[in-house]
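Trainee: my questions concern the predicted model and sequence given below.
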Amino acid sequence: MLDAAASPAVPLSRDADTTLADQLAGRFADRIRHRLIGPGARLPSVRECARRHQVSPSTVVAAYDQLLAQGLVEARRQRGFFVRGGAPAEASEPAAQPAPRAPRTPLPISATTLIRGMFQPSGGQPMPGLGTLPVDWLDEPMLATAIRKVSMQIGRASLQYGEPAGEQRLRRALATRLADHGVQAHADQIVTTVGATHALDIVTRTLCKPGDSVLVDEPGWSVEYARLAALGLRVLPVPRGDDGPDLGVMQRLVEAQRPAERPRLYVTVSVLHNPTGASLSLPAAHRVLQLAQAHGLHIVEDDTYAHLASPHLPRLAALDALERTIYVSGFSKILTPSWRVGYLAAPPALVDRFIDTKLLTTLTTPSLTELALAHCLEHGLLRRHADRVVRQLDAARARAVKLAEAHGCRFAAKPLGLFGWVDVGVDTERLAQVMLDKGWLLAPGALFHATHRPTTLMRINFATTQEARFWRALAAARESL
């Protein structure tokens, strides 16, 4: 089992007002409470922890004793110290006895770790494992102006619930936007959501029940694997190549099951696939649609990165005219994560069912941000902003690729879009632990597989890996392994 990561970049201070043991215990406690070290994870051995932090073993023992007293960890005879399940939120609360749980081998970096990493304070150092753009790339004045203009226009209407399907003005603007990608959708076929992940959740909850099977790309989005598993669905991975899914594997998975057990959905990122950056070829897209038609399969096409890609790349929703495809997208990657505006476009027969699920999960979506987004779309503001971001990303990608290759890494897929799929030559789970100790949050390749497996691959964000100091730190960490 791998040891849990222990400290941020700042070393322990011998000149601080608190003892080294207090500082070390505080760092572990903070990570445990923020779930950066999950229940069941083993802390480093006393000797290893002392080596990492350049303190005496007695200091580590004193720190671990504090964590025991706070109910955050438990000591297991001849095995070490382990994070307890249901760790208390504050040290002053009495330690509850952990509920019995099945033994497991936790990942040091998980899908939820990456999500929690998105909530770091503004101004923190770039995090190579995150999936968002740097804050200073976003257009704050544009967003503020849009909110102000819309607030003056709608007046008291902002005090009421919005339309169940979403603001009609936004849905009309989205229909125009979709036409740029060749997707013909009437505004009545569009349902707005609280981000693209909410759209995926609405579709899954509506069309699947616990125990159903869902096809997914592998490698694929780690959060999607975790979300589907949490809904009680069976995840059937389909290997993803440069041109799209392995069609032979996909056909076997669809045809090998008994009719009642056949997959209900195929969830895929056609354009600028996460994590490889590849896009679906036209021949592969046609074959996927043929399989879907022959076996009654719905395709959920996640086009989250649409604003960073050419509008002319093949979209499944464009090729089948939203017959078996449900198109999902959002604006967190290009506009701002905090507005949480996403949407889905669907076959007419499914729209009311999706609205019902939306009403049961969120009642409605916020009119103010939806209308502000409509303003940005109608006046071409978002298009111009996206053009600027793409130019910045192209330059950042060139720098990151050059640095990665100069430090002995190679790309397992052609570098495109926001993400790079990089081979660093060592187990990236172990590397991620060492780098987390140095203050860098990585996205190890094991997260992008439906079942855990060691790998030398990891995903990087080109926008946040332009600094040579990151690659120097990575090279040093790799050598230490």
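Mentor: That came through, no problem.

Trainee: going forward, measure contacts between C-alpha atoms and count neighbours the same way
Mentor: Will do.

Trainee: where do the helices sit along the stretch 201-350 of the chain?
Mentor: For the stretch 201-350 of the chain, the helices defined by DSSP state H, counting those that start in this stretch cover 222-230, 247-256, 282-295, 316-319, 348-362.

Trainee: what's the pLDDT at the residue most central in space within the chain?
Mentor: A centroid search over the chain (Cα atoms, centre = their mean) returns residue 223, at 5.1 Å, as the residue closest to the centre. Among the per-residue scores, residue 223 holds a pLDDT of 85.

Trainee: can you check residue 130 too?
Mentor: pLDDT for residue 130: 88.

Trainee: I'd say it and residue 462 touch.
Mentor: No: counting by Cα atoms under 8 Å, residue 130 does not reach residue 462; the two are 10.2 Å apart.

Trainee: between the two, which one's more packed in?
Mentor: residue 462 (26 against 23; other Cα atoms under 10 Å).

Trainee: for the more buried one, which non-adjacent residue is spatially closest?
Mentor: residue 397 (5.1 Å; Cα to Cα, 6 or more residues apart in numbering).

Trainee: wait, what's in contact with residue 49?
Mentor: By Cα atoms under 8 Å, 6 or more residues apart in numbering, the residues touching residue 49 are 57, 60.

Trainee: so what's the residue nearest to residue 462 up against?
Mentor: Taking Cα under 8 Å, 6+ apart as the contact definition, residue 397 lies against 415-416, 418, 462-463, 466.

Trainee: show the pLDDT at it.
Mentor: You'll see residue 397 listed with a pLDDT of 98.

Trainee: flag every buried residue along the helix or strand hosting it.
Mentor: Applying DSSP states H and E as the criterion places residue 397 in helix 381-406. Using 16 or more other Cα atoms under 10 Å as the test for burial, helix 381-406 gives 381-382, 385-386, 389-390, 393-394, 396-397, 399-401, 403-404.

Trainee: direction included, what does the helix or strand just after that helix pair against?
Mentor: Note on helix 381-406: by DSSP H and E, the next helix or strand toward the C-terminus is strand 410-411. Strand pairing for strand 410-411, using DSSP bridges, gives strand 419-423 (antiparallel).

Trainee: the next helix or strand after the partner strand packs against which elements?
Mentor: Following strand 419-423 in sequence order, the next helix or strand is helix 428-437 (DSSP H and E). Packing contacts for helix 428-437, counted by 3 or more Cα pairs under 8 Å, 6 or more residues apart in numbering; DSSP states H and E, involve strand 443-444, helix 468-480.

Trainee: counting contacts, what elements does the longest one pack onto?
Mentor: What it means is helix 468-480. helix 381-406, helix 428-437.

Trainee: switch to 6 Å and redo it
Mentor: Contacting helix 468-480 under the criterion 3 or more Cα pairs under 6 Å, 6 or more residues apart in numbering; DSSP states H and E is no other helix or strand.

Trainee: what about it, distance to the chain center?
Mentor: Offset of helix 468-480 from its chain centre (Cα atoms, centre = their mean, to the nearest Å): 24 Å.

Trainee: and the angle for it with helix 428-437?
Mentor: Helix 468-480 and helix 428-437 are oriented at 130 degrees to each other (axes from the mean of the first three to the mean of the last three Cα atoms, to 10 degrees).

Trainee: tell me which element residue 30 is part of?
Mentor: helix 20-33.

Trainee: run through who's touching that helix.
Mentor: For helix 20-33, contacts defined as Cα atoms under 6 Å, 6 or more residues apart in numbering pick out 37, 59, 62-63.

Trainee: taking these, tell me the two that lie furthest apart.
Mentor: Greatest spatial distance in the contacts of helix 20-33: 37 and 59, 20.6 Å, computed using Cα to Cα.

Trainee: if we can go back for a sec, could you dump the contacts of helix 20-33 to CSV with pLDDT?
Mentor: Below are the contacts of helix 20-33 laid out as CSV (pLDDT from 0 to 100):
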residue, pLDDT
37, 82
59, 91
62, 89
63, 92
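
Trainee: among the residues you listed, which are located in helices?
Mentor: 59, 62-63 (DSSP state H).

Trainee: top of the residues you listed by number of neighbours, please.
Mentor: Highest neighbour count within the ones in helices among the contacts of helix 20-33: residue 63, with 24 neighbours (other Cα under 10 Å).

Trainee: can you tell me how far that residue is from residue 34?
Mentor: Plainly put, residue 63 is 18 Å away from residue 34 if you go by Cα to Cα, to the nearest Å.

Trainee: and if you look at residue 410?
Mentor: For residue 410, the distance to residue 34 equals 33 Å [Cα to Cα].

Trainee: go on, residue 254?
Mentor: From residue 254 across to residue 34, the span is 40 Å (Cα to Cα).

Trainee: who has more neighbours, the two?
Mentor: Each of residue 254 and residue 34 has its neighbours counted (other Cα under 10 Å); residue 254 has more, 23 against 13.

Trainee: mind listing what the more buried one touches?
Mentor: residue 262.

Trainee: one more: residue 452?
Mentor: residue 446.

Trainee: do the one 4 residues further on as well
Mentor: Residues touching residue 456, when contacts are defined by Cα under 6 Å, 6+ apart, comprise 423-428.

Trainee: let's see 8 Å
Mentor: 423-428, 445.

Trainee: do the same with residue 275
Mentor: Contacts of residue 275 (Cα under 8 Å, 6+ apart): 219-221, 419-421, 448, 459.

Trainee: mind putting those residues into TSV with distance to residue 310 and neighbour count?
Mentor: Converted to TSV, the contacts of residue 275 look like this (distance: Cα to Cα, whole Å; neighbours: other Cα atoms under 10 Å):
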residue	distance to residue 310	neighbour count
219	23	22
220	21	25
221	21	20
419	16	24
420	18	27
421	20	24
448	25	25
459	22	26
